[in-house]
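# could you look at this predicted model? Sequence included:
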Amino acid sequence: MTPAAFRKLALAMPDAIEGAHGGHADFRAGGKVFASLGYPDAAWAVVKLAPEQQEMLVASAPEVFVSVKGTWGLRGNTQLRLAAADTTTAKSALTMAWQGVTAKKTKKK
């Protein structure tokens with residue numbers, strides 16, 4: 001998986017737009033970040049998951065997924081090693097992340 005391929009998958013999510021924060025590209029839906037590229041370096045992306053989802057992915061594919069260190073990781077932020085991810089795996093993680101931020105918006109209405 002290349003950064004360009006990850007970007008294309010992220011932007012394919014409904015209503016997704018690209019922005020930036022902390023010097024990294026991010027992907028948002030409904031104003032909420034669900035993924036980013038380039039953290040901690042260009043070899044990685046980050047998806048914002050529920051802690052249970054993170055635990056499942058890290059356990060099932062530790063060569064692809066790693067919990068972000070510290071509090072952000074405890075909240076479900078999960079690093080995705082681009083070189084180790086295939087399209088199906090990345091799309092699945094992005095879909096979970098996108099659903100997480102869009103479901104929260106729907107619940108507030």
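Arrived safely, thanks for sending.
# ok now the helix or strand where A90 lies, how far from the chain's centre?
According to DSSP states H and E, A90 maps onto helix 87-108. Centroid separation for helix 87-108 versus its chain: 8 Å, with CA atoms, centre = their mean, to the nearest Å.
# buried sites along that helix?
T89, A90, K91, A93, L94, M96, A97, W98, Q99, G100, V101, T102 (16 or more other CB atoms under 10 Å). The way it works is simple: take the backbone N, C-alpha and C, and place the C-beta from them, glycine included.
# helices or strands up against it?
Other helices and strands packing on helix 87-108, by 3 or more CB pairs under 8 Å, 6 or more residues apart in numbering; DSSP states H and E, are helix 3-11, strand 24-29, strand 32-37, strand 44-48, helix 51-60, strand 77-81.
# in TSV: the buried residues of helix 87-108, plus pLDDT and distance to D26.
TSV is the format used below for the buried residues of helix 87-108 (pLDDT from 0 to 100; distance: CB to CB, whole Å):
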residue	pLDDT	distance to D26
T89	97	20
A90	98	16
K91	98	18
A93	98	15
L94	98	12
M96	98	16
A97	98	11
W98	98	13
Q99	97	17
G100	96	14
V101	95	11
T102	94	15
